[in-house]
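Novice: need coordinates for the below:
(chains A and B)
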Amino acid sequence: EAQVTQNPRYLITVTGKKLTVTCSQNMNHEYMSWYRQDPGLGLRQIYYSMNVEVTDKGDVPEGYKVSRKEKRNFPLILESPSPNQTSLYFCASSLGGGLPYEQYFGPGTRLTVT
Amino acid sequence: AQSVSQHNHHVILSEAASLELGCNYSYGGTVNLFWYVQYPGQHLQLLLKYFSGDPLVKGIKGFEAEFIKSKFSFNLRKPSVQWSDTAEYFCAVNGNNRLAFGKGNQVVVIP
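Specialist: As a prediction, this is how the structure comes out:
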């Protein structure tokens, strides 16, 4: 089954404790992206990757890191989480970044930072 | 950078009523436009998309959207909603290798 998977689905952590949210897709997509969803703000792009070893900042990259060492994986790293990073995070992938390619979304990771 | 505006964030209507959600975008280049839906507790799914051709686009579950280039709009419509259409709806524009979303419309359909 074609899908985007994220782990963990739920995470409660404390300020300053480094964490990684994994994202994996099995569709051989070149483009991958991370979004955060907050009430009343919609989805905002954090980082995206056009292909392996190619990443770029989205609209809200501060406090986050990503890497793309393999085509299928695109982990999101919070080196020192803060309470304002409490949010619902979605990973997505698509064939490419341009043209009308549909983005396929993962199930989401609900992160709470206390 | 591209941006998207959605109006009437909260919409409450009865079954069989018609639904129209407004979406306006700003972007200087060629745009690809999308509507995504997020049912309660689920991830986003594509409703429909436009990239060229007929400006009236038909999607899944009876939804359609009309691209009006002169108005920079891509409004979503459904003639007769069902309780199962209760969800949050997001308009998005793809440009410069990035997808920008609007803030969403929370739609509640009362049986």
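Novice: any idea which element the residue nearest the centre of chain A lies in?
Specialist: For chain A, A:Trp34 is the residue whose C-alpha lies nearest the centre (C-alpha atoms, centre = their mean; 2.8 Å). Assigned by DSSP states H and E, A:Trp34 belongs to strand A:31-38.
Novice: list the buried residues in the very next helix or strand once past that strand.
Specialist: Following the chain from strand A:31-38 toward its C-terminal end, the next helix or strand by DSSP H and E is strand A:42-51. By neighbour count with 16 or more other C-beta atoms under 10 Å in any protein chain shown, strand A:42-51 contains the buried residues A:42-50. Heads up, the C-betas are built off the backbone N, CA and C, glycines and all.
Novice: tell me the strands beside the strand of greatest length in chain B, with direction?
Specialist: Ranked by number of residues, the top strand in chain B under DSSP state E is strand B:87-95. According to DSSP bridges, strand B:87-95 has the following sheet partners: strand B:32-38 (antiparallel), strand B:98-101 (antiparallel), strand B:105-110 (antiparallel).
Novice: got the ones you listed as a markdown table, with mean pLDDT columns?
Specialist: What follows is these, written out as a markdown table (pLDDT from 0 to 100):
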| stretch | mean pLDDT |
| --- | --- |
| strand B:32-38 | 94 |
| strand B:98-101 | 88 |
| strand B:105-110 | 96 |
